[in-house]
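Student: Give me a 3D structure for the following:
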Amino acid sequence: MPRSPKFSAHHASASWAETFRQLVRASYGPGWILREHRGGRTQITRAWPDGSRSSVTVVLPWRAESASALLVLVERLDGVLQHQTVSLAGAMECIKLEDASGSPAEIWRGATNWQQAVELFRFHMVVESGRVKPLTWHRTYRRHLEETLSVLERPRAPRDGRGVLKALVMAFSTPPGGSGRRERLGNAARFLAFAVDHCGIAEQYRTPLDYKDLIGRRLQRKQPATPLLDEQFLSLYNAIEEPRWRLAIGLLGVFGLRPAELGCCRVEEGVLRVEGVKRNSSGCFPARLVHGLDPAGAEGLADALLEEFRSIGQSALPHAVVAAIWSTRVQQHQYVHKGNR
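Tutor: Below you'll find the model as predicted:
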């Protein structure tokens, strides 16, 4: 809780303003300046070490009755500025004052600008740290945080982090234990932790470290896939009449490629060089050299596939495969160059 005292009648006297300013300086340093602004409202100014200043005007009136509420507000603004490189106005956007009669408890609990907190989180994850690629934010994070905002901004919204996660499970039904529920709750938990650490959101919104009970367990485990035996693969390969599809299936089976890797490989020194296409938060997987493994009864198939692929190149692949590869690349290009809308 904030460390703001209740002001006595002495503090509410004519000298209350100077007494209040001394308390602010003692608590948060000499950089904070508060004074009366036009219309009786309060102007809060932050003086920076380089001599620059920034100010915001809040709806709380400049009088003794508002002193406790103002002290709480300064504490919260100071917390935001210590953890986030935003202006004073930007920090104020994280904290909304609903009316001029807001009590210290109401301000500390915060009529929070969750939309601004989401934008700060996006900037940190995508631009500042690069932990999330723009396309990943657009496809996954954006939807999950829109769902989180719908829970936080509704009437009778949850008042703590675990309550937010539980409300998400109830509002957006997905199978327990599945990747959809795990990703949704994980992204919401990361956002709430950021909002607490960098946007002055109350600590109660930080989610517990362990919320596996909300993720749940799969009702039915997926059955492990059954790999093709050599003779089964050869039967499939030999049954394909179209040469380009036969080459594609041959490369997948003999070299163990992912389908997406077909468009990202080339022959290099008698082996197949595959560029990294799989990506996680740490970056793209590195390129690798792949040696073929001939199926039993088809010795020399790997070399034959390499020679066919080397002589013709990407044009040897089926049109549907090439189109899918380039469609993905065009989508990424358009997304990055259109301002990440």
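
Student: going forward, measure contacts between C-alpha atoms and count neighbours the same way
Tutor: Fine.

Student: so residue 65 sits in a strand?
Tutor: No. Assigned with DSSP: H, G, I helix; E, B strand; the rest coil, residue 65 falls outside any strand and is helix.

Student: ranges for the strands of the stretch 201-341 of the chain?
Tutor: With strands called from DSSP state E, counting those that start in this stretch, the stretch 201-341 of the chain shows them at 265-268, 271-274, 279-280, 283-284, 288-290.

Student: and of those strands, who's closest to residue 162?
Tutor: strand 279-280 (26.6 Å; CA to CA).

Student: what about residue 167, helix or strand, and which?
Tutor: helix 161-171 (DSSP states H and E).

Student: For that helix, give me every contacting residue.
Tutor: With contacts defined as CA atoms under 8 Å, 6 or more residues apart in numbering, helix 161-171 is touched by 147-148, 151-152, 157-158, 181, 185, 188-189, 192, 204-208, 211, 214.

Student: hmm, which of these are the buried ones?
Tutor: Neighbour-count burial within these applies to 147-148, 151-152, 158, 181, 185, 188-189, 192, 205-207, 211, 214; the criterion is 16 or more other CA atoms under 10 Å.

Student: quick one: the helices in the stretch 51-200 of the chain?
Tutor: Taking DSSP state H, counting those that start in this stretch, the helices of the stretch 51-200 of the chain run over residues 67-83, 88-93, 104-109, 114-122, 134-136, 142-152, 161-171, 179-198.

Student: pLDDT below threshold where in this protein?
Tutor: Low-confidence regions of the chain, defined here as pLDDT under 70, cover residues 1-14, 82-86, 94-112, 220-223, 277-285, 313-341.

Student: Looking at it, which residue reaches furthest from the middle?
Tutor: Among the residues of the chain, the one whose C-alpha is farthest from the average of all C-alpha positions is residue 297, by CA atoms, centre = their mean at 50.4 Å.

Student: what is the orientation angle of the longest strand along the chain with helix 67-83?
Tutor: In terms of residue count, the longest strand belonging to the chain (DSSP state E) is strand 53-61. Computed with axes from the mean of the first three to the mean of the last three CA atoms, to 10 degrees, the direction of strand 53-61 lies at 150 degrees from that of helix 67-83.

Student: What residues of strand 53-61 count as buried?
Tutor: Using 16+ other CA under 10 Å as the burial criterion, the residues of strand 53-61 that qualify are 55, 57-61.

Student: ok, now stretch 120-138?
Tutor: For stretch 120-138, a neighbour-count test (16+ other CA under 10 Å) marks 120-122, 124-126, 132-135, 137 as buried.

Student: Now for the residues you listed: which two are most distant?
Tutor: 120 and 135 (17.4 Å).

Student: re earlier: just the closest of the buried residues of stretch 120-138 to residue 244, please.
Tutor: Using CA to CA, the shortest approach to residue 244 within the buried residues of stretch 120-138 belongs to residue 135, at 31.0 Å.

Student: which one of the helices of the stretch 51-200 of the chain lies closest to residue 303?
Tutor: With respect to residue 303, and counting by CA to CA, the nearest of those is helix 134-136 at 37.5 Å.

Student: Give the other helices and strands that that closest one contacts.
Tutor: On a contact count with 3 or more CA pairs under 8 Å, 6 or more residues apart in numbering; DSSP states H and E, helix 134-136 meets helix 319-337.

Student: how about the nearest residue to residue 256, chain neighbours excluded?
Tutor: Residue nearest to residue 256 in three dimensions, not counting chain neighbours: residue 292, with 7.9 Å by CA to CA, 6 or more residues apart in numbering.

Student: related to what we said a few turns ago, what about the residue farthest from the centre of the chain, distance to residue 62?
Tutor: 89 Å (CA to CA, to the nearest Å).

Student: what does stretch 227-243 contact?
Tutor: Residues from elsewhere that reach stretch 227-243, judged by CA under 8 Å, 6+ apart: 246, 249-250, 253, 295-296.

Student: end to end, how far does it reach?
Tutor: Distance between the two ends of stretch 227-243: 24 Å, counting by CA to CA.

Student: Name the residues of that stretch that come out as buried.
Tutor: By neighbour count on 16+ other CA under 10 Å, the buried set for stretch 227-243 is 233-234, 237.

Student: Could you do stretch 286-305 as well?
Tutor: Across stretch 286-305, burial judged by 16+ other CA under 10 Å covers 290, 292-295, 301-303, 305.

Student: With distance to residue 22 added, can I get these in a markdown table?
Tutor: Converted to a markdown table, those look like this (distance: CA to CA, whole Å):
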| residue | distance to residue 22 |
| --- | --- |
| 290 | 71 |
| 292 | 77 |
| 293 | 78 |
| 294 | 82 |
| 295 | 83 |
| 301 | 84 |
| 302 | 81 |
| 303 | 82 |
| 305 | 81 |
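
Student: hang on, the earlier thing: export the helices of the stretch 51-200 of the chain to TSV and append columns for distance to residue 31.
Tutor: Conversion of the helices of the stretch 51-200 of the chain to TSV gives the following (distance: least, CA to CA, whole Å):
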stretch	distance to residue 31
helix 67-83	10
helix 88-93	12
helix 104-109	21
helix 114-122	24
helix 134-136	37
helix 142-152	34
helix 161-171	33
helix 179-198	20
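
Student: and residue 46, which of the three is it?
Tutor: The three-state assignment at residue 46 reads strand, by three-state DSSP.

Student: if I look at it, how far off is residue 173?
Tutor: Distance of residue 46 to residue 173, given as CA to CA: 46 Å.
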